[in-house]
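Novice: the following block contains a protein sequence and its predicted model.
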Amino acid sequence: MIKIAENTIKRLIVYKKELNRLKAEGKKFIYSHVLAALSGSQPHLVRRDLMAVGYSGSPAHGYSVKELESSISDFLCSSRQVKVILIGIGNLGRAIIDYCHKQNPKIAISSAFDIDPNKINKEYHGVYCFHIDTARNYVIENEIKVAIITVPDSEAQTIATALSDAGIRGILNFTPGRLRVPENVYVENADMMLYLEKVIYFVQNV
C-alpha cells in the first residue's frame, strides 16, 4: 500500500467538503483551479492529490463533481461504514454525535461511554450510553478501531491506554493533554483553545 502524506489527506478531506457543497447546489463539473481556489490550495496540488486518488477529469469539462466526491470518499473510507465510539457524553460529546450523523453516513458513532450515572443507559441522538467500565469489552467484541475522547484531561491518559490495549488504533483527542500511546495508534489532537488563540493572534496582527 502506497503511503500518502498527512497533508495530502487533509487536503482531500477539504476537497470532499467543497464537492459536497457544490453537489448540493447542482454543480456538475469543476476545474482543478476552481477547486483549488475554493479549498485554499494550489491547482498543481489538486491535480497531484487527485492522481493519488486515481481519478482523472477531462480537458473539456474538468472533473465530475459527483464522481470525484464519490472517489475521494471511497479513498478516505473504503469500508461501507466505520463504527466509532465516544468516551464522554457531555455537551461537546453530544454535539459531536449530532454533527457526525449529519456529515458523513459512512461514519457511525455506535456507542457512547461515561461514568456519570445520570447519563448511563440513555440515548443521545440515537446513540446509547454505557458505563465506561464496559468500554474495553465492547471494543474487543465489536472490533472497534476508532475512538473519540472528550473527557476531563485528568482521565484521558488512563482511558487512552485502556482503549489502545483493547485494540483501538485511532483516537480523536479533544482533551488539552498529549496522549502517550503505542506507535501503531494514530492520535489526532483537536485542541480548540490552540486554534482559538491562533485566530486571535492573526486578528490582532493583521
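Specialist: Yep, it's here. For clarity, every value in this text was computed on a predicted model and none was experimentally measured.
Novice: any idea how far apart the tips of stretch 115-132 sit?
Specialist: Stretch 115-132 has an end-to-end distance of 6 Å (criterion: C-alpha to C-alpha, to the nearest Å).
Novice: pLDDT on that stretch, on average?
Specialist: The average of the pLDDT scores along stretch 115-132 is 94.
Novice: what pairs with the strand of greatest length in the chain, and is each one parallel or antiparallel?
Specialist: The residue-count maximum for a strand in the chain (DSSP state E) belongs to strand 107-114. Using DSSP bridges, the strands paired with strand 107-114 are strand 82-87 (parallel), strand 127-131 (parallel).
Novice: closest to residue 30 out of these?
Specialist: Among these, the nearest to residue 30 by C-beta to C-beta is strand 82-87 (27.0 Å). Placement of C-beta: from N, CA and C, glycine included.
Novice: what's in contact with stretch 87-95?
Specialist: 86, 112-114, 116, 119, 124-125, 129, 132, 135, 147-151, 159, 163, 174 (C-beta atoms under 8 Å, 6 or more residues apart in numbering).
Novice: revised request: answer the last question for stretch 146-156.
Specialist: Contact partners of stretch 146-156, identified using C-beta under 8 Å, 6+ apart, comprise 82-88, 90, 92-93, 96, 109, 139, 159-160, 163, 168-177, 179.
Novice: so for it, first residue to last residue, what's the gap.
Specialist: 15 Å.
Novice: domain ranges for the chain?
Specialist: 6-74, 82-194 (automatic domain parsing).
Novice: how about the strands paired with strand 107-114, which one is nearest residue 26?
Specialist: Short answer: strand 82-87, nearest of these by C-beta to C-beta, at 29.0 Å.
Novice: avg pLDDT for that closest one?
Specialist: 94.
Novice: for that strand, which positions count as buried?
Specialist: 82, 84-87 (16 or more other C-beta atoms under 10 Å).
Novice: export the domains of the chain to JSON lines and tack on distance to residue 205?
Specialist: Putting those into JSON lines (distance: least, C-beta to C-beta, whole Å) gives the following:
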{"stretch": "domain 6-74", "distance to residue 205": "19"}
{"stretch": "domain 82-194", "distance to residue 205": "17"}
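Novice: please identify which of these is closest to residue 200.
Specialist: domain 82-194 (10.1 Å).
Novice: residue 170 touches residue 145, doesn't it?
Specialist: Yes: in this structure residue 170 lies within contact range of residue 145 using C-beta atoms under 8 Å: 6.1 Å.
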